[in-house]
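>>> Sequence isn't available, so here's the structure alone:
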């Protein structure tokens, strides 16, 4: 539940990828580093609310982010994922599906 509430859904057991979904919270921060590293992964949902449940666009560390998934190593490295939320479905993330464990 915790990952899903943050807007991350584990793709499949053994996969290092998470599907990006609509978060429950407007902002969440995950401490990702070991002692003294200070690494954090932050998820910000701008315009989030019951009526705005669809991701319109995203940026990761200030750069446009079009993939509807993120890797575990990206999470561990830290950074900021900003999701622009809206009331209508969009085509954000539809161009690059998550990698499959079963297809070449």
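On my side now, so go ahead. Predicted model only: the values in this text are computed from it and were never measured.

>>> going forward, measure contacts and count neighbours with C-alpha atoms only.
Noted.

>>> And the helices in the protein, which stretches?
2-6, 72-77 (DSSP state H).

>>> Point out the one among the ones you listed that comes closest to residue 39.
helix 72-77 (6.7 Å; Cα to Cα).

>>> Flag every buried residue along that closest one.
Using 16 or more other Cα atoms under 10 Å as the test for burial, helix 72-77 gives 75-76.

>>> so which of the helices of the chain gets nearest residue 15?
From those, taking Cα to Cα, the stretch that ends up closest is helix 72-77, at 8.8 Å.

>>> name the helices or strands packed onto that closest one?
Based on contacts counted as 3 or more Cα pairs under 8 Å, 6 or more residues apart in numbering; DSSP states H and E, the elements that helix 72-77 packs against are strand 40-46.

>>> what packs against the strand it packs on?
Counting contacts by 3+ Cα pairs under 8 Å, 6+ apart, the secondary-structure elements packed against strand 40-46 are strand 27-31, helix 72-77, strand 79-86.
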